[in-house]
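1. need coordinates for the following:
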Amino acid sequence: MYRRVIRPLLYRLGKGDAEVAHEQTLHGLRRLSRVPGAVSALSRSYGALPDGLARTVFGVRFPSPVGLAAGMDKNGIALPAWRALGFGFVEVGTVTAHPQPGNPKPRLFRLVESEAVINRMGFNNLGSEALAQRLAGYGDLGYPLGISIGKSKVTPLEDAVEDYVTSLQRLYRYGDYFAVNVSSPNTPGLRSLQDAGHLRELLTALHHEALSTREPKPILVKIAPDLTEQAIDELLGVCTEVGVAGIIATNTTIGRTGLAPADEPLATEAGGLSGQPLTEISAKTVAHIYAETGGALPIIGVGGILNPNDASRLFDAGASLVQLYTGLIYRGPGLVRRTNRHLARQP
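-> Residues are numbered from 1 along each chain as shown. Just a heads-up that it's a prediction; the model follows:
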């Protein structure tokens, strides 16, 4: 029904503007979560988790290893609905210390034949203070909450550490883990923070902030799929040295390989590419990280999950958890349910 009925309707919203469909879907879930009994009804259809899925990773208990990636619900407006769709955890953000509108529109493009998306959103969000106020109004969500933090566009690179620390301080009580986004291609200069020197300074400050509290929480780093193996190894060295709890692999790519011919005209659009073209890249990156660290550093695998077998491939490569987002656009919420059931049947 999703692929034949619902998806064509979504694709026509806003005269085909993918961001309009995104916002309409998100606000629809927000409204649904406010209707008494609606979340329970949705949960009966999609959210019942098979036995044997729960696992503990970096000290956090996850009811399912299948999570929602950052970018879908940046400002955390529909959090009760995601558990009802079968997600075992949700990552909100990426959020910045200062509110910002993001890049000019249009900035989100569907590459339908390739089952991919190009985005250059630019960390559009209401700011970490607004997110903290919203999260304060929620009770128990029934799943772990990850919070992705990034650098405000107005903040110079030399002040990036303070920017990240500000968001961490504001949001610390609400997150079960924190993802340090230094890999988005849509904020000028951000990816330079993946360099060893910059990264060491940033992670040391964030790690110190976490350790200074009564309840230290996991800090993870989200990396780009475009790094060389040597650059990944240097980054892993810094993460191990500082005591990072895990790696999220991977963010979107600036590459354009693997696109269907019908989508090639959109390949010139600037931004990060996600979806099916990342399936191979993400799996290889996860496998490299797992081999390089001897499996000692937990990995959240993300990128290119369009069916349950794609998720299994990331687990086989060494991931402890997986996240999806673009797959929802093309396969609908049933993808989460099918993936949970598939994983429950695995030995």
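
2. helices and strands of this structure: which one bottoms out on pLDDT?
-> helix 38-42 (a mean of 87; mean pLDDT, DSSP states H and E).

3. next SSE downstream of that helix?
-> Moving toward the C-terminus from helix 38-42, the next helix or strand (DSSP states H and E) is strand 55-57.

4. pLDDT below threshold where in this protein?
-> Scanning the chain for pLDDT under 70 picks out nothing.

5. which stretches of the stretch 151-300 of the chain form helices?
-> 160-171, 196-211, 229-242, 279-293 (DSSP state H, counting those that start in this stretch).

6. packing partners for the longest one?
-> Which is helix 196-211. helix 160-171, strand 177-181, strand 219-223, helix 229-242 (3 or more C-beta pairs under 8 Å, 6 or more residues apart in numbering; DSSP states H and E). Every residue, glycine included, has its C-beta placed from N, CA and C.

7. list the buried ones in that helix?
-> 198-200, 202-203, 205-207, 209-210 (16 or more other C-beta atoms under 10 Å).

8. please apply the same query to the third one.
-> Using 16+ other C-beta under 10 Å as the burial criterion, the residues of helix 229-242 that qualify are 232, 234-236, 238-239, 242.

9. report the angle between it and helix 196-211.
-> Orientation of helix 229-242 against helix 196-211 (axes from the mean of the first three to the mean of the last three C-alpha atoms, to 10 degrees) gives an angle of 30 degrees.

10. off-centre distance for helix 229-242?
-> For helix 229-242, the separation from the chain centroid amounts to 21 Å (computed by C-alpha atoms, centre = their mean, to the nearest Å).

11. tilt between that helix and strand 219-223?
-> Going by the same axes, to 10 degrees, helix 229-242 makes 170 degrees with strand 219-223.

12. list the contacts of helix 229-242.
-> The contact list for helix 229-242 (C-beta atoms under 8 Å, 6 or more residues apart in numbering) reads 194, 196, 199-200, 203-204, 207, 221, 223, 227, 247, 285, 288-289, 292-293, 297.

13. one more time with 7 Å, if that's ok
-> 194, 196, 199-200, 203-204, 207, 221, 223, 247, 288-289, 292-293, 297 (C-beta atoms under 7 Å, 6 or more residues apart in numbering).

14. the shortest one now?
-> Here helix 160-171 makes contact (C-beta under 7 Å, 6+ apart) with 95-97, 128-129, 131-132, 147, 149, 151-152, 155, 178, 180, 193, 201-202, 205-206, 209.

15. if we go to 6 Å?
-> Contacts with helix 160-171, where a contact means C-beta atoms under 6 Å, 6 or more residues apart in numbering, come from 97, 128-129, 132, 147, 149, 151-152, 155, 201-202, 205-206, 209.

16. mind saving the C-alpha coords of that helix as CSV?
-> Extracted C-alpha coordinates of helix 160-171, given in CSV (Å, rounded to 0.1, in the frame of the first residue of the first chain):
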residue,chain,number,x,y,z
ALA,A,160,33.9,25.3,17.3
VAL,A,161,34.8,23.6,20.6
GLU,A,162,32.9,26.1,22.7
ASP,A,163,29.9,25.8,20.3
TYR,A,164,29.8,22.0,20.7
VAL,A,165,30.3,22.1,24.5
THR,A,166,27.4,24.6,24.8
SER,A,167,25.0,22.3,23.1
LEU,A,168,26.3,19.3,25.1
GLN,A,169,25.8,21.2,28.4
ARG,A,170,22.2,22.3,27.5
LEU,A,171,21.1,18.8,26.4
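
17. residues of it that come out buried?
-> Judged by neighbour count (16+ other C-beta under 10 Å), helix 160-171 contains these buried residues: 160-161, 163-168, 170-171.

18. that helix vs strand 219-223, what angle?
-> Going by the same axes, to 10 degrees, helix 160-171 makes 130 degrees with strand 219-223.

19. which strands and helices lie in contact with the strand of greatest length in the chain?
-> Taking DSSP state E as the criterion, the chain has its longest strand at strand 89-95. The contact analysis (3 or more C-beta pairs under 6 Å, 6 or more residues apart in numbering; DSSP states H and E) places strand 89-95 against strand 145-149.

20. parallel or antiparallel, list what pairs with the strand it packs on.
-> Here strand 145-149 is paired, per DSSP bridges, with strand 89-95 (parallel), strand 177-181 (parallel).

21. could you dump these to TSV with mean neighbour count?
-> Output for the strands paired with strand 145-149, formatted as TSV (neighbours: other C-beta atoms under 10 Å):
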stretch	mean neighbour count
strand 89-95	28
strand 177-181	26
